[in-house]
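Enquirer: Take a look and give me a structure for this.
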Amino acid sequence: MLCRLIRLTRRCLRSLNQTLSARAARSRNPAGWAIERLEPRQLLSASGSGQAINTASELRLVTPKILNGTPTDGFAAVALVGNTERNYGSGTLIRPQWILTAAHLTVGLPASEARVTIGGTTYSVEEVFIHPDYNRRRFNSNKANDIALWKLSEPVVGVEPSPIYRDRPQVGMLLTLVGYGSGGTLDGETGDFGTKRVGTTPLERVTPTRIRWVFNQPTEANTGHGDSGGPAFIQVGSTYFVAGITSGGTRRNAGRGDRAFDTRVDTYQNWIDNVMNDALDDARQPGRNRHRQRQALDAVMSEMLPPV
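Expert: Take a look at the predicted model:
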């Protein structure tokens, strides 16, 4: 009886720790996001189903700058992302017409209102794709799937896209963090949103869908509000590969002790390739989507109607 009680207590403690960790990971307030305007919108999945956001605080929870970073004019493929009113996050050009960013920046945002600024030019967005298994309720877990793709209305000219990293990242690798979030130090966030900054930090943990590190040294950099969706690069030779997508952390001010995490890009490489290639195929065959929709409708109707 005592052993059973001890096991039950341990399970309860583990569950409580996981809940507290998840809540802490969603505690960052977004910089520059139009909370009042976006609050009543629905969270949309790639399948089109929606989940209501009940409070503005839920939006504040998920949006994460480069602390201990340096302003940079490099990394031209790193973009500002937002809507028709303002920018509020970061992303990376991985093909001339494709931006890789975070799902939590994309939910509730119609493609017609999405905007990307890169190379001094602002682009409209033709279509947005959120990973079908994105789960905001599992934000601080391997089941978050916090990744999205934005297809621009036209290809970006004069900016070299950054390739994605296709191998498994290894603990000890140096991550180069880039984003437009407000700057800061080990003591926490300061500064303003909109300046591109770069910093480095060693990779400390690799999970099935994420890469992680702890921000606890003055020589390290960290991500925070406004860096969401931006890249963590791994340099191979002279090329910077996108290995992570800024997702979140555990400290509200992203300061000392923050346990930051990115979405692992290599885990989702097949989904990334399939989305971009399918969209390319659809563009080459304009009637393909309509044919698919007609087939789906016919299948549903055949289930509903009795045979003749």
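Enquirer: Skip the chain neighbours and tell me the closest residue to Ile66.
Expert: Nearest non-adjacent residue to Ile66, counting by CB to CB, 6 or more residues apart in numbering: Arg197, 3.9 Å away. Any C-beta I mention is one placed from the backbone N, CA and C, and that applies to glycine too.
Enquirer: Does the one you found touch Asn68 like I think?
Expert: No: Arg197 is beyond contact range of Asn68, at 9.1 Å (criterion: CB atoms under 8 Å).
Enquirer: Looking at the two, which is more packed in?
Expert: Taking neighbours as other CB atoms under 10 Å, Arg197 and Asn68 compare with Arg197 leading, 26 against 20.
Enquirer: Could you report the distance from the more buried one to Leu149?
Expert: 24 Å (CB to CB, to the nearest Å).
Enquirer: What residues are bridge-paired with the residue nearest to Ile66?
Expert: Listed beta-bridge partners, Arg197: Pro71, Gly179 (assigned using DSSP bridges).
Enquirer: Tell me the pLDDT of it.
Expert: On pLDDT, Arg197 comes in at 92.
Enquirer: what are the phi and psi values for the nearest residue to Val265 once chain neighbours are set aside?
Expert: Setting aside the residues directly before and after it, Val265 is nearest to Ile164 in space (CB to CB, 6+ apart), at 4.9 Å. Main-chain torsions, Ile164, degrees, to the nearest 10: phi -90, psi 150.
Enquirer: my guess is Ile164 contacts Thr263, does it?
Expert: No: the criterion here is CB under 8 Å, and Ile164 misses it with Thr263 at 11.6 Å.
Enquirer: Which of those two has more residues huddled nearby?
Expert: More crowded of Ile164 and Thr263, by other CB under 10 Å: Thr263, with 26 against 20.
Enquirer: That one: helix or strand, and which one exactly?
Expert: For Thr263, the element it lies in under DSSP states H and E is strand 258-264.
Enquirer: could I get that strand in CSV with only the CA atoms?
Expert: What follows is strand 258-264, C-alpha atoms only, in CSV (Å, rounded to 0.1, in the frame of the first residue of the first chain):
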residue,chain,number,x,y,z
ASP,A,258,16.2,31.1,-19.3
ARG,A,259,15.8,27.7,-20.8
ALA,A,260,15.3,28.6,-24.5
PHE,A,261,14.2,26.2,-27.2
ASP,A,262,13.9,26.2,-31.0
THR,A,263,12.0,23.9,-33.3
ARG,A,264,14.4,21.4,-35.0
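Enquirer: Can you tell me how far Arg137 is from His104?
Expert: Using CB to CB, Arg137 is found at 12 Å from His104.
Enquirer: err, Asp278, not the other one
Expert: Distance, Asp278 to His104, by CB to CB: 23 Å.
Enquirer: Settle it for me: which of these two has more neighbours?
Expert: The residue with more neighbours, out of Asp278 and His104, is His104; 28 against 12, by other CB under 10 Å.
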